[in-house]
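> predicted model and sequence follow; I will ask about them next.
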Amino acid sequence: MNSLLDNLLIIDIESVPSAEKYALMDERMREQWDKKSTFLRNEDELSSAELFEERAGIFAEFGKIICIGMGFFTYSANELHFRATCLKNHDEKALLEEFKQNLARFPEQSLKLCAHNGKEFDYPFLCRRMLVNGLSLPPVLDIGGKKPWEIALLDTMEMWKFGDRKSFTSLDLLASLFNIESSKSDIDGSMVADTYYREKDLDKIAGYCSRDVVVTGQVFLRLNQMDALPVENVHLIKG
């Protein structure tokens, strides 16, 4: 296998506000959200409670992880394949423990993670929520004191920037550019909280998360000047 793909785990997380409603938060945390919300862009002049439902899920202090998608490349019959699945759980601590168990299946010294916008979102969110839940960080995410070349956290958005620090490029835009099938079918990121709290459909979110992992894997190939995989070589495994 290409050394770039060896022991590479593509990941994606889905998060929601820590409570369905602002009023259901702990009083102390409500006070903290009120302070936080005064600094958020609020062109629609939403109340602190409305902002909580709309925006809290992207902040590790006020959100929780409900899905972690994972995918890896493998060879079968001399052809490259990609296998993706999604861990899901209403119990965040149990979910994070299961994720750590899956990471431990890879060689510690050679494991690499890749996520789209992972350095700004997925990796710090995972670390913060692990600490909140009283869990130790897995070696690949425990980057304190490491030299830059020792950090095995890749980011397809950073790869696309080529040093340009000015702009955000969505995964869906890169998928469109490289003619890769979108993961946005019956749901997109803005619909995750409603799907979780109102529709009570964690399976739908997990399916979306798995598809995002597939798209990230395909984009990773194209950013490294390799062909995207044909659909028959991509395998979604139900968690």
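Ah, there it is.

> ok, and the closest non-adjacent residue to C209?
Spatial nearest neighbour of C209, chain neighbours left out: G69 (4.0 Å); criterion: Cβ to Cβ, 6 or more residues apart in numbering. The C-beta positions use only the backbone N, C-alpha and C, and glycine is treated the same way.

> tell me the SS of the one you found?
At G69 the chain is in strand, as set by DSSP: H, G, I helix; E, B strand; the rest coil.

> do the same with W160
Using three-state DSSP, the structure places W160 in helix.

> show me where this protein has its helices.
27-37, 48-55, 92-103, 122-132, 156-161, 171-177, 192-197, 202-223 (DSSP state H).

> redo those helices as TSV? Include mean neighbour count.
Below are those laid out as TSV (neighbours: other Cβ atoms under 10 Å):
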stretch	mean neighbour count
helix 27-37	15
helix 48-55	18
helix 92-103	17
helix 122-132	19
helix 156-161	19
helix 171-177	17
helix 192-197	19
helix 202-223	23
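
> and those helices as TSV, adding distance to N7?
Output for those, formatted as TSV (distance: least, Cβ to Cβ, whole Å):
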stretch	distance to N7
helix 27-37	38
helix 48-55	36
helix 92-103	11
helix 122-132	17
helix 156-161	17
helix 171-177	22
helix 192-197	29
helix 202-223	14
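
> which one of those lies nearest to F82?
Closest to F82 of the helices of the chain, according to Cβ to Cβ: helix 202-223, at 5.0 Å.

> bridge partners for the residue nearest to C209, pull those for me.
D12, C86 (DSSP bridges).

> do you know how far it is from V192?
Distance from G69 to V192, counting by Cβ to Cβ, to the nearest Å: 12 Å.

> report pLDDT for the residue nearest to F72 when sequence neighbours are not counted.
Closest residue in space to F72, ignoring its immediate chain neighbours: L9 at 5.5 Å, by Cβ to Cβ, 6+ apart. As predicted, L9 sits at a pLDDT of 98.

> hmm, back to that, tell me how many other residues crowd the residue nearest to C209.
A count of neighbours around G69, defined by other Cβ atoms under 10 Å, yields 29.

> kindly report the same for the one 5 residues further on.
When counting by other Cβ under 10 Å, one arrives at 13 neighbours for T74.

> quick check, it in contact with L8.
No: T74 lies out of contact with L8 (Cβ atoms under 8 Å); the separation is 10.6 Å.

> OK, contacts around the residue nearest to C209?
Residues near G69 by Cβ atoms under 8 Å, 6 or more residues apart in numbering: 10-14, 84-87, 206, 209-210, 212-213.
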